[in-house]
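1. Below: sequence and its predicted model.
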Amino acid sequence: MEAHELRPPRGAKRSRKRVGRGNASGHGTYSTRGLKGQQSRAGSHVRPGFEGGQTPLIRRLPRRRGFHNPFRVAYVPVNLRDLARLPEGSDVTPESLRDARVVHSLRQPIKILGVGEVSAALTVRAHRVSSTARAKIEGAGGTVEELTPPARLHEKRKRGRKTHPETAGPKAEEETTASVTPEDEEQDDSGSESDEAG
């Protein structure tokens, strides 16, 4: 067999549909477009999901709008001008900021921002410090130390109710008692006897 003898398999190539070539061809007059309507006109195009002006399916279905990043860490901003509430000579720590009512809680990490001026040498310990704030603090003779955000902020939240040991109920008590084996009780008894003998 030579190259000029190669042929495609039967049925692989089909001639295109020729429309508008008279009624004898079977595709004349309306050329398979039907009678009137948007899709019978030349150049008609309907975008995907369009339902003729009716509220499309994608808008009729309820869904959550927007996007929520589960890994985002939200920092509490604290400016340099807010550090004036602290007593003179005190170190800037999350605990001292809470005591001075600059921040309300320590559940979220703290970031020091550079709005304001620093006149005294401060020792700043925070989870994050902006470059502007760091330059101002170090320019005044202070030091900056970045803390690691609490690990629990990065842990994935577990769904379900939290069970407290006092309010857990009889099931939790059974689990705690089952965790103590008879061998442990024997060891405790032998230890108490030796203490009494001593």
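-> Received, thanks. Numbers count the residues shown, from 1 in each chain.

2. Just the strands from this protein, written as ranges.
-> 76-79, 110-113, 123-126, 128-129, 143-146 (DSSP state E).

3. any idea which of those strands is most buried?
-> Among the strands of the chain, ranked by average contacts under mean count of other Cβ atoms under 10 Å, first place goes to strand 110-113 (a mean of 22). Every residue, glycine included, has its C-beta placed from N, CA and C.

4. Show the residue spans covered by the helices in the protein.
-> Counting by DSSP state H, the chain has helices at residues 57-60, 94-99, 131-139, 170-178, 182-197.

5. Make TSV out of the strands of the chain and add mean pLDDT.
-> Shown next, in TSV, are the strands of the chain (pLDDT from 0 to 100):
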stretch	mean pLDDT
strand 76-79	95
strand 110-113	95
strand 123-126	94
strand 128-129	94
strand 143-146	93
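
6. could those go into a markdown table alongside distance to Arg21?
-> What follows is the strands of the chain, written out as a markdown table (distance: least, Cβ to Cβ, whole Å):
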| stretch | distance to Arg21 |
| --- | --- |
| strand 76-79 | 74 |
| strand 110-113 | 74 |
| strand 123-126 | 81 |
| strand 128-129 | 74 |
| strand 143-146 | 79 |
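
7. if we compare those, which one ends up closest to Arg47?
-> strand 76-79 (43.9 Å; Cβ to Cβ).

8. okay, and the helix or strand of the chain with the least pLDDT?
-> Ranking every helix and strand in the chain by mean pLDDT, DSSP states H and E puts helix 170-178 at the bottom, with a mean of 52.

9. Now for the closest residue to Thr32 other than its chain neighbours, how many residues are close by?
-> Spatially, and ignoring its direct neighbours in sequence, Thr32 is nearest to Val19 (5.6 Å; Cβ to Cβ, 6 or more residues apart in numbering). For Val19, the neighbour count with other Cβ atoms under 10 Å is 14.
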